[in-house]
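Peer 1: Below are the sequence and a predicted model; questions follow.
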Amino acid sequence: MLSRIAESLFWVGRYVERADDTARILDTHLQLLLEDPWVAEDLACRSLLAVMGAPPPEVGPAVTPARVMQTLGYDRLNPGSIAGALDAARENARRARETISTELWECLNTTRNDLASAIANRTTSEYFAWVRERAAVAAGITDSATSRDQIWTFLVLGRSIERADMTARLVATRAVAGSSGPSWTTLLRSCGAYESFLRAYRGSASDALAAEFLLLDPLFPRSVVYALRQAEQCLVSLGEGTDRSSTESAVRILGRVRSGLEFRPVGQLLEDLPSEMEEVQRACSSASDAVRLRYFPTGAHDDWGVGL
Amino acid sequence: MADLFEGYPAGTAWDEMTGLVDGDDADSPWRSQYAQLRATMAHLSPQEMRARGDALARSYLAQGVTFDIGGEERPFPLDPVPRVLDTQEWNTLAPGVAQRVRALEKLLDDIYGRQKVVTDGVIPRALITSSAHFHRQAKGIVNANGVRVQVAGIDVIRDDEGGWRVLEDNVRVPSGVSYVLSNRRSMAQTFPELFSSMRVRPVADYPRRLLAALTAAAPNGVDDPVVVVLTPGVYNSAYFEHSLLARLMGVELVEGRDLFVSGGRVYMRTTEGRRRVDVIYRRVDDEFIDPVAFRQDSLLGCPGLLGVARLGNVSIANAIGNGVADDKLMYTYVPDLIRYYLGEEPLISNVDTWRLEEPEALSEVLDRLDELVVKPVDGSGGKGIIIGPAASRAEIDEARTRLRLDPRGWIAQPVVQLSTVPTLAGDRLRPRHVDLRPFAVNDGNDVWVLPGGLTRVALQEGQLVVNSSQGGGSKDTWVSGPSRWTEESAEATDGPREAPALRQGPAVDTHPEARPRSEQHEQQQQTGAGRRPSTATPEAPTC
């Protein structure tokens, strides 16, 4: 497959997952602000923006949920927002238009076409529900109507790396905001894990168990470890992990951070959750870079004399 | 724009928003806890309000929050205007509810024990033995922590002056708490602006509290008890509630046929073989729970269950035979029972009630039947209630005969003008009658009352029966918590707010080619120096 196409597929996977996860994170956090009278709104909004990697708002005027929605929900120029990610996913799909299935293309294209009216006409919770639904349709088409060849592998590789990154951010929101932060229940809800968690631990919810579930559960597809493992499997099927060369590779980066999570006592992880989670995010980012260097070599920078 | 509250009338009963009854000076200020609500809702046009009401109904249909009326699934009607209680009102009500639960708990323990309450002359023995829900089979069955009422729903109303009165106790299988949970969720999505200004005490803690109470009731010596919810099945009108509670507690939802008894223990059939069950939160009535002990034709129960409970190998919650305590004739004795068992004065009084077994009471009631309400003592769901002023001649005559034949089976009460709360009626908000069912959970150490509860509202004007089976709806019930703003405004006077030490997360990755208008883009469009893009090939043709 052409490297350029593969790169687009990789980013389709990442952006769709980003829109989905961001919608989930925002939905539960904003709902929490409404339902719980004891949450300090300004601090909660600021920490949410910070964890999501958005530029910090100026000190002074209180940050409202509306501001958070604007930055992380509706800003079409920012690929870190839901709307921006959906636009970017469609843009990337267009670059790989001849490779991806018509169904997937039409799903992403319709989503982009409906985006403006969804932003204008839907309430926030309806908007989140719509985004989740569109992402689910895209994921369903990927899983049910794509051969398990490299097309699928790159789509899922992107999705898994993004998912590990986003779940790590989600877990970090708990630790960063301190006492005003969301409860573990809220966090579990936001990635659809609450009911699975309750079933797995039969309702005996404790913080340590919830953290363990979101970080380490081997069966829940949105747990960090599950997502990392899936990304590794994609890389292995691309042929990585067999050579014994000493060069850094994506599979090593991911494997290293995954075993760092898996083979350490949960208590130790919880002690400094924000740094641990940043570690995961950085690993995802460097793995993404490593994938680009290895699979998506680009000629763009071999300029023939024209400085950029 | 027309105000939704325009022309809000002083009704025949005490109104919770205006604090007025008919004839009061209409200019006196309305009650403060509704100020915020009015300020927000007055901005909404009738169309907007209707759209929000429709959104609530749609969300209920999507969630499957439906009530079964005569075989048809309808969305449980949720009125878009919440009912607001301030902290002070709640602090009078909640302890009163808890007090009642503690007294009923002691009463049940006594009835199924030595019956000292009878020997001491507080209640007549016949009151117990004539109750349809007194089950001799239940004697000697008691959970390890002694609690029989894990969950209670105490129905309360407000009288002419706004004081609380208990209307009835429910300590068998009180239902409705799922609507409290789902009402809150839907309301928060539909009226975010109200929640952001009002600070409502959350209700989401209920499943955790319930599970803790159930776990606390587990047989002795069981480390990690297996709790299940026992439902009659998907055709039960409250099946939604059963599944919601099981889901939120993370426990199995079982039907009678999933359970079996073997060797003095209860098991459920699973794909991994049999699994022992330690605590059963049952939503099946006493009569159906065990065909060996009760109705032999029951297909909903588990044969032999009572035997296992008697051995102490399984805990059943709420306990079998609790119905004797929420018998409506027993209700008339509850204030005395509170004094007898707890040595306290009742915090909430009863509604005045005639015991028809007393001859003078019976003759007075028969004379005044057209102005009283008569209720069957063991009824639920508003069935069999006759409201004198609204009943026809024939109904009154029929009731008179029935009362004479079976005075033990009925009680009579004056018509209580339930308080009213603004409710959406067409394009306007109008007063409609409401009651309230607060839910109490008893884990053996403490009786916890869920802040709020289920407010049921009669949607027809003047209608006093609020049961959903009689066309009633519900309202989200808000107990306003301490304001988040008080604390912050105090801080704000200390000078400029310091930026909290936040940890900035790494920025998200983006596609390297996503830089806006890169040179690559320009060239792909081949629009250098005034050339129009080729219309035949709008997408990048070369490269």
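Peer 2: On my side now, so go ahead. Numbers count the residues shown, from 1 in each chain, chains lettered A, B, ... in the order given.
Peer 1: now for the top strand by length along chain B, which elements pack on it?
Peer 2: The residue-count maximum for a strand in chain B (DSSP state E) belongs to strand B:428-437. Under the contact definition 3 or more CB pairs under 8 Å, 6 or more residues apart in numbering or on different chains; DSSP states H and E, strand B:428-437 sits against strand B:78-85, strand B:151-158, strand B:420-425, strand B:454-458. Every C-beta, even on glycine, is put in place using the N, C-alpha and C of the backbone.
Peer 1: Turn those into TSV, columns for distance to chain A.
Peer 2: Below are the helices and strands packed on strand B:428-437 laid out as TSV (distance: least, CB to the nearest CB, whole Å):
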stretch	distance to chain A
strand B:78-85	13
strand B:151-158	16
strand B:420-425	18
strand B:454-458	18
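Peer 1: right, so of the ones you listed, which gets closest to B:D476?
Peer 2: strand B:78-85 (4.4 Å; CB to CB).
Peer 1: starting at the chain centroid, how far to the closest one?
Peer 2: 14 Å (CA atoms, centre = their mean, to the nearest Å).
Peer 1: which strands and helices sit next to the next helix or strand after that strand?
Peer 2: Reading on from strand B:78-85 to the C-terminus, the next helix or strand found by DSSP states H and E is helix B:87-111. Packing partners of helix B:87-111 (3+ CB pairs under 8 Å, 6+ apart): helix B:116-119, strand B:151-158, strand B:164-170, helix B:334-342, strand B:439-442, strand B:447-449.
Peer 1: Dump the helices and strands packed on strand B:428-437 to CSV, plus mean neighbour count and mean pLDDT.
Peer 2: Formatted as CSV, the helices and strands packed on strand B:428-437 follow (neighbours: other CB atoms under 10 Å in any protein chain shown; pLDDT from 0 to 100):
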stretch, mean neighbour count, mean pLDDT
strand B:78-85, 25, 92
strand B:151-158, 24, 94
strand B:420-425, 22, 89
strand B:454-458, 24, 92
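Peer 1: Can I get the ones you listed in TSV including distance to B:P431?
Peer 2: Below are the helices and strands packed on strand B:428-437 laid out as TSV (distance: least, CB to CB, whole Å):
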stretch	distance to B:P431
strand B:78-85	11
strand B:151-158	13
strand B:420-425	3
strand B:454-458	10
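Peer 1: The residue in the stretch 151-300 of chain B positioned nearest to chain A and A:Y194: what is the separation?
Peer 2: Nearest residue of the stretch 151-300 of chain B to chain A (CB to the nearest CB) works out as B:G250 at 2.6 Å. Going from B:G250 to A:Y194 by CB to CB, to the nearest Å gives 9 Å.
Peer 1: dump the residue contacts of B:R339.
Peer 2: B:R339 makes contact with B:E345, B:P346, according to CB atoms under 8 Å, 6 or more residues apart in numbering or on different chains.
Peer 1: Return the backbone torsion pair for B:E345.
Peer 2: Taking degrees, to the nearest 10, you get phi -80, psi 140 for the backbone angles of B:E345.
Peer 1: Model confidence for the residue nearest to it when sequence neighbours are not counted, exactly?
Peer 2: If the residues on either side of it in the chain are set aside, B:E345 comes closest to B:R339, at 6.9 Å by CB to CB, 6 or more residues apart in numbering or on different chains. Here the pLDDT value assigned to B:R339 is 95.
Peer 1: May I have the residues that are in contact with the residue in the stretch 51-200 of chain A that chain B sits nearest to?
Peer 2: Across the stretch 51-200 of chain A, the shortest distance to chain B (CB to the nearest CB) belongs to A:L198, at 2.6 Å. Counting by CB under 8 Å, 6+ apart, A:L198 touches A:A205, B:R247, B:L248, B:M249, B:G250.
Peer 1: before we move on, what about B:F288?
Peer 2: B:P232, B:G256, B:F294, B:R295, B:S298, B:L300, B:G301.
Peer 1: Which of the three states applies to B:I316?
Peer 2: Three-state call for B:I316 (DSSP: H, G, I helix; E, B strand; the rest coil): strand.
Peer 1: same thing with B:Y267?
Peer 2: Applying three-state DSSP: B:Y267 is strand.
Peer 1: That one contacts B:R275, correct?
Peer 2: Yes - between B:Y267 and B:R275 there is a contact at 6.2 Å, judged by CB atoms under 8 Å.
Peer 1: Neighbour count: these two, which is higher?
Peer 2: For B:Y267 and B:R275, the more surrounded residue by other CB atoms under 10 Å in any protein chain shown is B:Y267, and the numbers stand at 20 against 13.
Peer 1: Once you drop chain neighbours, what's closest to that one?
Peer 2: B:R274 is the one closest to B:Y267 (CB to CB, 6+ apart), at 4.0 Å.
Peer 1: cool, B:G140 as well?
Peer 2: B:R310 is the one closest to B:G140 (CB to CB, 6+ apart), at 5.9 Å.
Peer 1: pLDDT on the helix or strand where the one you found lies, on average?
Peer 2: Using DSSP H and E, the element containing B:R310 is helix B:305-311. Averaging pLDDT along helix B:305-311 gives 93.
Peer 1: what comes into contact with it?
Peer 2: Counting by CB under 8 Å, 6+ apart, B:137, B:140-141, B:259, B:261, B:264-266, B:280, B:289-290, B:292-293, B:314-316, B:320 sit against helix B:305-311.
Peer 1: switch the cut-off to 10 Å
Peer 2: For helix B:305-311, the external contacting residues (CB atoms under 10 Å, 6 or more residues apart in numbering or on different chains) are B:135, B:137-143, B:219, B:230, B:256, B:259-267, B:277, B:280, B:282, B:284, B:286, B:289-294, B:302, B:313-316, B:319-320.
Peer 1: how long is stretch B:188-196 from one end to the other?
Peer 2: One end of stretch B:188-196 to the other measures 9 Å (CA to CA, to the nearest Å).
Peer 1: so how far is it off the chain centroid?
Peer 2: Per CA atoms, centre = their mean, the centroid offset for stretch B:188-196 relative to its chain is 21 Å.
Peer 1: touching chain A at all, it?
Peer 2: Yes - counting by CB under 10 Å from any CB of the partner chain, chain A has neighbours in stretch B:188-196: B:A188, B:Q189, B:T190, B:F191, B:P192, B:E193, B:L194, B:F195, B:S196.
Peer 1: Would you mind giving those residues as CSV with pLDDT, neighbour count and distance to A:P57 added?
Peer 2: As requested, those are arranged in CSV below (pLDDT from 0 to 100; neighbours: other CB atoms under 10 Å in any protein chain shown; distance: CB to CB, whole Å):
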residue, pLDDT, neighbour count, distance to A:P57
B:A188, 84, 22, 25
B:Q189, 80, 21, 26
B:T190, 84, 21, 28
B:F191, 84, 23, 26
B:P192, 78, 20, 21
B:E193, 77, 13, 22
B:L194, 82, 22, 26
B:F195, 79, 22, 23
B:S196, 72, 18, 18
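Peer 1: care to break chain A down by domain?
Peer 2: A:1-146, A:148-298 (the TED database).
Peer 1: just checking, what's the longest helix in chain A?
Peer 2: The helix spanning the most residues in chain A, taking DSSP state H as the definition, is helix A:3-35.
Peer 1: After that one, which helix or strand is next?
Peer 2: From helix A:3-35, the next helix or strand downstream (DSSP H and E) is helix A:41-51.
Peer 1: Buried residues in that next one, which are they?
Peer 2: The neighbour-count criterion (16 or more other CB atoms under 10 Å in any protein chain shown) identifies A:E41, A:D42, A:L43, A:A44, A:C45, A:R46, A:S47, A:L48, A:L49, A:A50, A:V51 as the buried residues of helix A:41-51.
Peer 1: And stretch A:184-193, by the same measure?
Peer 2: Under 16+ other CB under 10 Å, the buried positions of stretch A:184-193 are A:W184, A:T185, A:T186, A:L187, A:L188, A:R189, A:S190, A:C191, A:A193.
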